[in-house]
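1. make a model of this:
(chains A and B)
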Amino acid sequence: MNKSIITVVGKDTIGIIAKVCTYLAENNVNILDISQTIVQEYFNMMMIVDMSAINKPFEQIATEMSSLGETMGVQVKCQREEIFDKMHRI
Amino acid sequence: MINISEVIETNKMIEKENLDVRTITMGINLLDCADGNLDVLCQNIYNKITRLAGKLVSTGEEISKEFGIPIVNKRISITPIALVGGSACKTSDDYVKIAQTLDRVAAELGVNFIGGYSAIVSKGMSHSDELFIRSIPKALACTERICSSVNVGSTKTGLNMDAVRLMGDIIKETAELTKDCDSLGCAKLVVLCNAPDDNPFMAGAFHGVSEDDAVINVGVSGPGVVKYALEQIRGASFEVLCETIKRTAFKITRVGQLVAQEASHRLGIPFGIIDLSLAPTPAVGDSVAEILQEIGLEYPGAPGTTAALALLNDQVKKGGVMASSYVGGLSGAFIPVSEDQGMIDAVVAGALTIEKLEAMTCVCSVGLDMIAIPGDTPATSIAGMIADEAAIGMINQKTTAVRVIPVVGKTVGETVEFGGLLGYAPVMPMNRFSCDAFVNRGGRIPAPIHSFKN
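-> Have a look, this model is predicted:
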């Protein structure tokens, strides 16, 4: 298991989840968990994904997801899970 | 499992509160490069640093992308050059040649600073140490990325006052040789007492002789994160205040620990220490002074500043030590003037003086740091200032340092611009009374007694 966290933040529009999920499916990324909230009209989504089957370098996926976000006017970040785990769990 | 609010919190720290890893510093032992022939020595140094640190910058960038955390600087610290060059260097200019080699390696590898153009003369100064120290002004004037430090005393040895006196001259000479760029050379030269062997922060970084052949040390930062956390608890008691700082320091340090372990693993070099310092930058919202203001001071320098800084420093350590398996380096809050917008504002407002800064250095790392003083300050007064700081370090068993810039041609009221992370600084007034007869005595101040603490 190679867990990463994908976050999508921005103004809510139609099809954000659909586009992100399509990209992930095309790149062999398995979604383990999705949670989503709207904070002050801003769309906040977090996905926990498994990247152990990807066939591109992690950096490339992160860059491509970030540009995918730009086309929808939202910020998409892809980070390895450990940074959150280390910070919030003892 | 991680929840969305934790993810949002972490990302907010990074994006809005300037959380970053300030530096990954690779310490490299150069003792095995020593040779009687200067050219061979330089070649050995070049080869060893290139071999070990060739991938330092790219690895740092990879880690930064994968975790989504900025890693601001990738740097190298080396064995003090006075030790490495002793057998090959017969003149001060020979040492300058080593400095040029180091500068070239640093530029080729893309690291912004290489620290360790240093000498340890805590008790005595050998002939080659002195040649080395006399080479510092020229070395700093003809290189870009070299940082230099001289350790002039320690709790165990006392203070080497000959070296203290000499450093007064060396700082003045460095200022003179780099006067075309506001005496910038002095910003890369620090005089230390009780210098740690594993400090990853410049300008005082060097790779001590007690260290492994190569090691990865990481300096974390995050004054902005602490300040934001304190904004949420305005008016609360000291208990809540301390608890908040501690929790925040824990979170910040955990990120540093993660980055350090990753870097160590990917480069195949052992992990040394995490330095828990709160290191400010000139960016707004990345300031230690603003934390002090948030704690309740109108400006740093107001009565209560020393107490506020003491508690801040202590809580950062308490939170940090739990978060990392190895803590070292300087580990505390930095209070450089030019690198911290809040400190600059305090000086301009007349709230902060050199004397108050000196008091503050008793309770935090590191010392009188990045302070611009009038260019006509006598070398003896600078030596006196170094002696004062070193005495604080020696008596209190802590690291202290002096990094002052006597800006040639400028005086109180004018401003000096260093650029980048070094920031800008108003020239601060010095005490104008003489200490010539004191610092010219020669010899050393004996080591202090370790009992009867009062």
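2. point me to the residue of chain A nearest chain B.
-> A:Gln79 (3.8 Å; CB to the nearest CB). All C-beta spots, glycine's among them, are computed from the backbone N, C-alpha and C.
3. give the buried residues for the helix or strand hosting that residue.
-> In this structure, A:Gln79 sits in strand A:74-80 according to DSSP states H and E. For strand A:74-80, the buried set under the neighbour-count rule, 16 or more other CB atoms under 10 Å in any protein chain shown, comprises A:Val74, A:Val76, A:Lys77, A:Cys78, A:Gln79, A:Arg80.
4. now the residues you listed as a markdown table including pLDDT?
-> Listed next are those as a markdown table, based on pLDDT from 0 to 100:
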| residue | pLDDT |
| --- | --- |
| A:Val74 | 93 |
| A:Val76 | 94 |
| A:Lys77 | 93 |
| A:Cys78 | 94 |
| A:Gln79 | 94 |
| A:Arg80 | 94 |
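5. for the closest residue to B:Leu421 other than its chain neighbours, list the residues it contacts.
-> Nearest non-adjacent residue to B:Leu421, counting by CB to CB, 6 or more residues apart in numbering or on different chains: B:Thr281, 5.8 Å away. By CB atoms under 8 Å, 6 or more residues apart in numbering or on different chains, the residues touching B:Thr281 are B:Asn18, B:Ser221, B:Glu339, B:Asp340, B:Leu421, B:Gly423.
6. okay, now the residue lying closest to the fourth one once chain neighbours are set aside: neighbour count?
-> Yep, that's B:Asp340 we're talking about. Of all residues not flanking B:Asp340 in the chain, B:Pro280 sits nearest, at 3.9 Å (CB to CB, 6+ apart). B:Pro280 has 29 neighbours, counted by other CB atoms under 10 Å in any protein chain shown.
7. torsion angles phi and psi at B:Pro280?
-> phi -80, psi 160 (degrees, to the nearest 10).
8. check the one 3 residues further on too.
-> B:Ala283 has phi and psi values of phi -70, psi 140 when expressed as degrees, to the nearest 10.
9. check contacts around it.
-> With CB under 8 Å, 6+ apart, B:Ala283 has these contacts: B:Asn18, B:Gln341.
10. interface residues of the stretch 251-400 of chain B facing chain A?
-> Within reach of chain A by CB under 8 Å from any CB of the partner chain, the stretch 251-400 of chain B has these residues: B:Lys251, B:Arg254, B:Val255, B:Gln257, B:Leu258.
11. most surrounded residue in the residues you listed?
-> Ranking these using other CB under 10 Å puts B:Val255 first, with 28 neighbours.
12. can you map out the strands along the stretch 51-200 of chain B?
-> Assigned by DSSP state E, counting those that start in this stretch, the stretch 51-200 of chain B shows strands spanning B:71-78, B:114-120, B:146-154, B:158-160, B:189-193.
13. mind listing the strands the fourth one pairs with, and their directions?
-> Within its sheet, and counting by DSSP bridges, strand B:158-160 is paired with strand B:146-154 (antiparallel), strand B:444-445 (antiparallel).
14. out of these, deepest packed?
-> Among the strands paired with strand B:158-160, strand B:146-154 has the highest mean neighbour count (mean count of other CB atoms under 10 Å in any protein chain shown), at a mean of 29.
15. so which residues on chain A come close to chain B?
-> So far as CB under 8 Å from any CB goes, chain A lies against chain B at A:5, A:7, A:9, A:33, A:35-37, A:39, A:44, A:46, A:48, A:58-59, A:62, A:77-88.
16. what do you get if the cut-off is 6 Å, keeping everything else the same?
-> Counting by CB under 6 Å from any CB of the partner chain, chain A comes close to chain B at A:5, A:7, A:35, A:46, A:58-59, A:77, A:79-80, A:82-84, A:86-88.
17. what comes up buried for stretch B:21-40?
-> Buried residues in stretch B:21-40, counting neighbours by 16+ other CB under 10 Å, are found at B:21-30, B:33-35, B:38.
18. in stretch B:272-282, what's buried?
-> Buried, per 16+ other CB under 10 Å, within stretch B:272-282: B:Gly272, B:Ile273, B:Ile274, B:Asp275, B:Leu276, B:Ser277, B:Leu278, B:Ala279, B:Pro280, B:Thr281, B:Pro282.
19. between those residues, which sits nearest chain A?
-> Nearest to chain A among the buried residues of stretch B:272-282, with distances taken as CB to the nearest CB, is B:Ile274, at 12.2 Å.
20. quick one: list the elements packing against the helix or strand hosting the closest one.
-> Using DSSP H and E, B:Ile274 falls within strand B:271-275. Under the contact definition 3 or more CB pairs under 6 Å, 6 or more residues apart in numbering or on different chains; DSSP states H and E, strand B:271-275 sits against strand B:214-220, helix B:238-267.
21. now the element after it, going C-ward?
-> helix B:288-295.
22. what's the angle between that next one and helix B:238-267?
-> Counting by axes from the mean of the first three to the mean of the last three CA atoms, to 10 degrees, helix B:288-295 lies at 150 degrees to helix B:238-267.
23. just the mean pLDDT for the helix or strand following helix B:288-295, thanks.
-> Going down the chain from helix B:288-295, the next helix or strand is helix B:305-323, by DSSP H and E. Mean pLDDT, helix B:305-323: 94.
24. quick one: helix B:305-323 to strand B:271-275, angle?
-> Using the same axes, to 10 degrees, helix B:305-323 lies at 150 degrees relative to strand B:271-275.
25. got the buried residues for helix B:305-323?
-> B:305-306, B:308-309, B:311-321, B:323.
26. if you look at the buried residues of stretch B:21-40, which of them are in strands?
-> B:Val21, B:Arg22, B:Thr23, B:Ile24, B:Thr25, B:Met26, B:Gly27, B:Ile28 (DSSP state E).
27. just the strands in chain A please.
-> Ranges of strands in chain A, per DSSP E, are A:3-11, A:30-39, A:42-50, A:74-80.
28. now flag whichever of the buried residues of stretch B:21-40 is closest to chain A.
-> Chain A lies nearest to B:Val21 out of the buried residues of stretch B:21-40, by CB to the nearest CB, at 10.7 Å.
29. show me what the lowest-mean-pLDDT helix or strand in chain A is packed against.
-> Taking mean pLDDT, DSSP states H and E as the measure, the helix or strand of chain A with the lowest value is strand A:30-39, at a mean of 89. Contact partners of strand A:30-39 among helices and strands, from 3+ CB pairs under 6 Å, 6+ apart: strand A:42-50.
30. packing partners for the strand it packs on?
-> strand A:3-11, strand A:30-39.
31. and the shortest one, what's buried?
-> In terms of neighbour count (16+ other CB under 10 Å), strand A:3-11 has its buried residues at A:Lys3, A:Ser4, A:Ile5, A:Ile6, A:Thr7, A:Val8, A:Val9, A:Gly10.
32. now stretch B:129-144
-> Here stretch B:129-144 shows B:129-141, B:143 as buried, counting by 16+ other CB under 10 Å.
33. with stretch B:61-69 instead?
-> B:Glu62, B:Ile63, B:Ser64, B:Lys65, B:Glu66, B:Phe67, B:Gly68, B:Ile69.
34. the longest helix seen in chain A - what's its average pLDDT?
-> If you go by DSSP state H, chain A has its longest helix at helix A:58-72. Per-residue pLDDT over helix A:58-72 has a mean of 93.
35. list the contacts of it.
-> By CB atoms under 6 Å, 6 or more residues apart in numbering or on different chains, the residues outside helix A:58-72 that reach it are A:Ile16, A:Tyr23, A:Gln75, A:Val76, A:Cys78, B:Lys65, B:Glu66.
36. mind listing what B:Tyr424 touches?
-> Counting by CB under 6 Å, 6+ apart, B:Tyr424 touches B:Ser338, B:Thr415, B:Glu417.
37. can you tell me the closest non-neighbouring residue to it?
-> B:Glu417 (4.6 Å).
38. distance check, the one you found against chain A.
-> Remark: distance between B:Glu417 and chain A (CB to the nearest CB, to the nearest Å) = 34 Å.
39. what's the neighbour count on that residue?
-> Neighbours of B:Glu417 under the rule other CB under 10 Å: 12.
40. separation between it and B:Asn454?
-> 44 Å (CB to CB, to the nearest Å).
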